[in-house]
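Asks: Curious how this folds, go ahead:
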Amino acid sequence: MRIHKVDMPPNTPFGDGLSAIKMDRLGKFVVIAGPNGSGKSRLLKRVKTWSQNPDSYEVSRTQQSPRSSWLQFTEVGRKPEIVDFVPRDTELVDPYTARPSELQSMAAQIQARGASLLRGAFAKIQFAQNLWWEATHQNSITPDDEKERAIADYNALKSIIERFLATELTRSADSQAQLFGMRLGQCALSEGQTLLLQFCVAIHAQSTQLSDLILFMDEPENHLYPSAILDTIEAIQEHVTNGQIWIATHSVPLLANFPPEAIWWMENGQIGYGGNIPRRVLAGLVGDGDRLSKLSDFLSLPASLASVRFAHQCLLPPLTVEPRANDPQMQQARGVLINNEPANRRRILDYGAGKGRLVSCFSPAEGSQPDPKNLPEYIAYDSDAKDSAVCKDAIARIYGSAEGKYFNELNGLIGTFGLESFDYVVMCNVLHEIDPAFWVSMFSIDGAIVKLLKERGRLVVLEDTLIPVGEKPHQTGFIVLDTAQLKTLFRVEETDVGFSMKSDHSERLKAHLIPKQCLSRVDDKSTREALESVSSLAKQKILELRAQDGTYQNGRAHAFWLQQFANSQLALETVKT
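Replies: Have a look, this model is predicted:
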């Protein structure tokens, strides 16, 4: 049963100072917001008083009086039941000294709809646990059907208490139910915990009776933190399948979790639909002007914080990533660079080696020693020697020595190994740091990478396609190329054998293998087309994110794509047309 319309004249016959109350098209939830003293509680009292008057109800049913329009229900011919469902007692009766028959009587009291939980909350828990204990005892003589009911009842009660109070319901050596390791009457619950416990017991004990009730909850948020009362109401509504829940509140978090059509605004004894005036509702609760602006800023803080932090990082030079255990990108690199073919037949050039992060992917399982004979031949190159000592140490840990395995000059590298001597040239989070103005010369037929690769060699581009930390490697800024953009840059054709892409489960970490014959296809036109593709994709992602929630992750992604868009536009100005 639900109330679907309220149409009451002012004051008559209650003298409560309320103006005329007109509410219609009421659904499962009726949420009345307003400051203290606005009339929320008086309205609930008036509706409840009217619904409980048998004479008035008969008038409503038969519609023989103008007053019949005061309350209209979705069902007629049946007395409506309105139950106050917010516990007010915070001093619960300790059942420790109660006799078994008294304990059972106290526990049974809370079965009634809307019954006070003062005497029965703790008693219900203790009684349910006693029945469970007896049912699970090896010498129990309880009939099987009663055993099953006792066990199911206790487990359900135990589960809901653990859900709301985040603690396990246990049993002491002297057969007493315990919370937080203490007997019920001595567990020193806070006022909020006491209210939550009563909600738990009431939902458990009365769940089958709630389906068609009208529940009144007057300021249920008192003493409870926002997520606790939201969880409670979600649990209650699961059982109120055909009934209705009225909530009087001044909690902004509570209001935010209901659809606008359920919200009514009350002020100075007057009520009106609040769903179309959300700003007025918020201003009435927290204050207009600066206070409302501060609330808005606070709620958008996660996304704003992530966005500002990433944007600030994009004014700083790149940081060199340290090798670390269980690095998912290095696990991906290992899968690409070491497969069924004997690894020791490969020569790999780590282009832009930094601190030797890539070489860590050749490390054997923990507890075993590396055997260089079974590893690919690894060579590191980095034009910047600032991390040379760290990188050499990383190489030595795997290969025993870094002698002849680290270079800072390409001429020395080519002079040592000769042309067409490498199976793979690996760029691990490097390509996005290279200025697009140099892409043509870097991958040209006269460039070092093409010269160093064997005829069937491949460039391996490892990238996090949603890099978590911003950076400014050069004036244009970073540009991360995904599969479509790399294919555009290198003019990869369907007939090209050797191009492939492997990604992790998140599809963020990607490894692209690009055959040598594609590299020298890079020219000014393909560069422009790749940058234009980046710009178009970034614009699409920005619009998608602006339609989503302002989470920290979305804020960081939004900042990333803003940088991609801006950087690609800046880079286009530097590339020849």
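Asks: Can you check the pLDDT for Phe560?
Replies: We have a pLDDT of 96 for Phe560.
Asks: I meant to write Asp297 there.
Replies: 69.
Asks: Use 5 as the first number for this chain going forward.
Replies: Got it, the first residue is 5 from now on, which makes the last one we talked about Asp301.
Asks: host element of the spatially closest residue to Pro230 that is not a sequence neighbour?
Replies: Of all residues not flanking Pro230 in the chain, Pro257 sits nearest, at 3.8 Å (C-beta to C-beta, 6 or more residues apart in numbering). Where you see a C-beta, it was placed from the backbone N, CA and C, and this is true even at glycine. Element membership of Pro257 [criterion: DSSP states H and E] is helix 256-259.
Asks: Pull the residues that contact stretch 549-562.
Replies: 303-304, 306-311, 313-314, 470, 472, 545-546, 565 (C-beta atoms under 8 Å, 6 or more residues apart in numbering).
Asks: Straight-line length of it, end to end?
Replies: 6 Å (C-alpha to C-alpha, to the nearest Å).
Asks: List the buried residues for that stretch?
Replies: Neighbour-count burial for stretch 549-562, counted by 16 or more other C-beta atoms under 10 Å, picks out 549, 554, 558-562.
Asks: ditto for stretch 177-187
Replies: By neighbour count on 16+ other C-beta under 10 Å, the buried set for stretch 177-187 is 180-183, 187.
Asks: Just those residues: which are in strands?
Replies: Within the buried residues of stretch 177-187, residues falling in strands by DSSP state E are 181-183, 187.
Asks: so Ile155 sits in a strand?
Replies: No - assignment of Ile155 by DSSP: H, G, I helix; E, B strand; the rest coil gives helix, placing it outside any strand.
Asks: Could you check how many residues crowd around it?
Replies: Per other C-beta atoms under 10 Å, the neighbour tally for Ile155 reads 14.
Asks: That one: what's it in contact with?
Replies: Counting by C-beta under 8 Å, 6+ apart, Ile155 makes contact with 136, 139-140.
Asks: let's go with 10 Å and repeat that
Replies: Counting by C-beta atoms under 10 Å, 6 or more residues apart in numbering, Ile155 makes contact with 135-136, 139-140.
Asks: Give the buried subset of these as a PyMOL selection command.
Replies: Those of these that count as buried under 16+ other C-beta under 10 Å are selected in PyMOL with:
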select buried, resi 135+136+139
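Asks: what about the helices in the stretch 255-404 of the chain?
Replies: For the stretch 255-404 of the chain, the helices defined by DSSP state H, counting those that start in this stretch cover 256-259, 282-290, 294-303, 305-317, 332-341, 392-403.
Asks: Tell me where the stretch 455-581 of the chain has helices.
Replies: Under DSSP H, counting those that start in this stretch, the stretch 455-581 of the chain gives helices at 487-493, 520-523, 528-550, 556-576.
Asks: the inter-axis angle of the third one versus helix 305-317?
Replies: Using axes from the mean of the first three to the mean of the last three C-alpha atoms, to 10 degrees, one finds that helix 528-550 and helix 305-317 are set 160 degrees apart in direction.
Asks: ok now the helix holding Pro257, how far from the chain's centre?
Replies: How far helix 256-259 lies from its chain's middle: 19 Å, per C-alpha atoms, centre = their mean, to the nearest Å.
Asks: what's the average pLDDT for it?
Replies: Helix 256-259 comes out with an average pLDDT of 92.
Asks: Give me the buried stretch members for it, please.
Replies: Neighbour-count burial for helix 256-259 flags 256, 258-259 (criterion: 16+ other C-beta under 10 Å).
Asks: what do you get for stretch 418-431?
Replies: Judged by neighbour count using 16+ other C-beta under 10 Å, the buried positions of stretch 418-431 are 421, 425-431.
Asks: any idea which of those residues is the one closest to Gly21?
Replies: The shortest approach to Gly21 among the buried residues of stretch 418-431 belongs to Met431, at 75.5 Å (C-beta to C-beta).
Asks: Quick check, that closest one in contact with Trp443.
Replies: No - with contact defined as C-beta atoms under 10 Å, Met431 does not reach Trp443; the gap is 11.9 Å.
Asks: can you tell me which residues contact the closest residue to Arg361 other than its chain neighbours?
Replies: Nearest in space to Arg361, with sequence neighbours left out and distances taken as C-beta to C-beta, 6+ apart, is Pro327 at 4.8 Å. Counting by C-beta under 10 Å, 6+ apart, Pro327 touches 334, 358-365, 367, 394-395, 398, 401.
Asks: wait, Pro14 sits on Gly273?
Replies: Yes - contact criterion C-beta under 10 Å: Pro14 and Gly273 qualify, at 8.3 Å.
Asks: Look at the two and report which has more neighbours.
Replies: Gly273 (19 against 14).
Asks: need the contact list for the more buried one.
Replies: Contacts for Gly273 (C-beta under 10 Å, 6+ apart) come out as 14-15, 20-25, 38, 41-43, 46-47.
Asks: Helices - which of these land there?
Replies: If you go by DSSP state H, those have 46-47 in helices.
Asks: Is there a quick ChimeraX command that grabs whichever of the contacts of Gly273 are buried?
Replies: Buried residues among the contacts of Gly273 (16+ other C-beta under 10 Å), as a ChimeraX selection:
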select :22,25,38,42,43,46,47
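Asks: a markdown table please, covering the contacts of Gly273 and showing pLDDT and distance to Cys522.
Replies: Below are the contacts of Gly273 laid out as a markdown table (pLDDT from 0 to 100; distance: C-beta to C-beta, whole Å):
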| residue | pLDDT | distance to Cys522 |
| --- | --- | --- |
| Pro14 | 81 | 81 |
| Asn15 | 66 | 85 |
| Asp20 | 80 | 81 |
| Gly21 | 85 | 81 |
| Leu22 | 90 | 78 |
| Ser23 | 90 | 77 |
| Ala24 | 89 | 78 |
| Ile25 | 89 | 75 |
| Gly38 | 93 | 68 |
| Gly41 | 91 | 75 |
| Ser42 | 93 | 71 |
| Gly43 | 93 | 74 |
| Arg46 | 92 | 77 |
| Leu47 | 93 | 73 |
